[in-house]
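Asker: Let me see the structure of the following:
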Amino acid sequence: MNNYFPLLQIITISLVTMLVRFSPFLIFNKQEKLPEIISYLGKVLPTAIMAMLVVYCLKDVNITVFPYGLKELIAVLVVSLLHIYKRNTLLSIVCGTICYMLLIQLF
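Answerer: Numbers count the residues shown, from 1 in each chain. Sure thing, here's the model as predicted:
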């Protein structure tokens with residue numbers, strides 16, 4: 001039984017993950033219109049999550065010590081300007097991450 005325990009854990013975790021991911025489609029598929037709260041959350045949550053990620057990423061930046069958060073500022077500017085220009089979230093995040101990693105490794 002001990003040899004199968006990790007496999008059983010993986011199967012259980014996979015099934016629970018699938019249930020959580022598919023349940024909204026199963027629940028709301030039968031309704032003609034989504035409840036207003038679900039529509040509202042669908043519009044508001046992506047922006048709120050992105051804002052929380054920005055705060056989390058920048059929380060440990062020390063602007064009183066060299067390089068004064070310059071690398072982070074450049075990466076944030078790359079993401080912001082690219083998003084304003086292209087309106088593609090994935091492209092903005094990937095390019096900002098690459099820019100930041102290059103700045104950290106090279107300078």
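
Asker: And the pLDDT for Asn2?
Answerer: Per-residue pLDDT puts Asn2 at 77.

Asker: cool, and Val94?
Answerer: So Val94 comes in at 94 (pLDDT).

Asker: same question, Gln31
Answerer: Reported pLDDT for Gln31: 69.

Asker: try the one 10 residues further on
Answerer: Leu41 is assigned a predicted lDDT (pLDDT) of 91.

Asker: do Phe5 as well
Answerer: 92.

Asker: State the distance from it to Ile11.
Answerer: Between Phe5 and Ile11 the computed distance is 11 Å (C-beta to C-beta, to the nearest Å). (C-beta placed from N, C-alpha, C; glycine too.)

Asker: domain ranges for the protein?
Answerer: Split into domains by automatic domain parsing, the chain comes to 1-32, 33-106.

Asker: Now render these as CSV, adding mean neighbour count.
Answerer: Output for the domains of the chain, formatted as CSV (neighbours: other C-beta atoms under 10 Å):
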stretch, mean neighbour count
domain 1-32, 9
domain 33-106, 12
